[in-house]
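> Quick check, what structure comes out for this input:
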Amino acid sequence: MALQPIEGQPGLFRDDSGAVVSIKDFRESDKYDSVIIPAAGSPAVGLVAGTEFIFFQDIQGKRDLDSNFRTPRKLSAGESMVLDRIGLSVRLAVGNVITNPSDIKKVVENGYFRLQVNDMLVDEGPVIKFPSGLGLYGQTTETNSGIVSIGVPATASAARLAKRQILNQNHELSGSIAYHARTWTTAIGALGTAGPAVVQPQLDTPVMITCFLHGLVRAAVTK
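Below is the predicted model of the structure:
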C-alpha cells in the first residue's frame, strides 16, 4: 500500500484508500533476514540453474544477527512499517569461514532478486540494483581476502522506492534470489571468439546474503 505525504502536515501520509497514516510513533530502522548460498559439494550444490534462495521464510534457529523476523513471511503482531528502501548486503564471513571475493562476485553478478508483498511485485532486478549502503569497503593484505561490497557503504547511496509502502502483520512478504542459465552466452569465448558452453558458477566458499527492508518501524505496544 503506497503512501503519499500530506502537504503542510509533517508526519502525516495518505494511503491508497484515502486514510490518513501518522508516522509520529515510528523510528527509523530495518527488518532483515539472511540466506546462505552453499559452496559446491554442499548438500545443495553451488548455483545450479534454476536454484532459488528465499528470504523471510525459514527463520528457525537464526540468531538476531541473521534475522529479526519472529514470524515467517510476516511482521510480528502489532508491528508495522513504512518501507522506504530495499538493500542486499553480502557478509564477508560465515562463522570462521572467510568468503572468497571471487565467490561474492559470482553470487552478485549472476543473481536476480524479487520482492513481493501479498503476491504483488514491489521491485525486482539484478542483485547489483539493490545496494544496502552497509558493509565494509577497501582492501586487505590477506591472500584471496580482498573486501567486496555492493556499492559505497553509505545509506545515502542506496536508491529509495518511488512510493513508500505501508506494511503490517496482515501482509505476507516474499523475497528471493534466483540463478538462471544464460544460454545466450554459451557461444562467447575469449576476445569474442567461439568458446565452450558456459557452466553455472561454482562456489569455493559459502556466501551469506542479508536482505534489509529499511524504513520507519513501529513496534508492538507490549515491547
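
> Provide a list of residues in contact with residue 89.
132, 134, 135, 149, 150, 209, 210, 212 (Cβ atoms under 8 Å, 6 or more residues apart in numbering). Glycine gets a C-beta too; all of them are placed from N, C-alpha and C.

> Okay, and the beta partners of residue 178?
Beta bridges link residue 178 to residue 52, residue 112, judged by DSSP bridges.

> oh, and call the first residue 18 from now on, that's how I've got it
All set: I'll call the first residue 18, so the last point we hit is now residue 195.

> That one against residue 124, yeah?
No. If you go by Cβ atoms under 8 Å, residue 195 and residue 124 don't touch, sitting 11.9 Å apart.

> of these two, who's got more company?
Applying other Cβ atoms under 10 Å to residue 195 and residue 124 shows that residue 124 carries more neighbours, namely 25 against 17.

> Check which residues of whatever helix or strand the more buried one lives in are buried.
For residue 124, the host element (DSSP states H and E) is helix 118-127. Buried residues in helix 118-127, counted by 16 or more other Cβ atoms under 10 Å: 118, 120, 121, 123, 124, 125, 127.

> do the same with stretch 43-53
43, 46, 47, 48, 49, 50, 51, 52, 53.

> and what of stretch 94-106?
96, 97, 98, 99, 100, 101, 102, 103, 104, 105, 106.

> Look up the closest residue to the fourth one, ignoring the ones flanking it.
For residue 99, ignoring the flanking residues on the chain, the nearest one in space by Cβ to Cβ, 6 or more residues apart in numbering is residue 233 at 4.2 Å.

> before we move on, back to that, can you tell me which of the buried residues of stretch 94-106 is nearest residue 201?
Comparing these against residue 201 with Cβ to Cβ places residue 105 closest, at 24.7 Å.

> what pairs with that closest one across the strands?
Here residue 105 sits in beta bridges with residue 148, residue 228, going by DSSP bridges.
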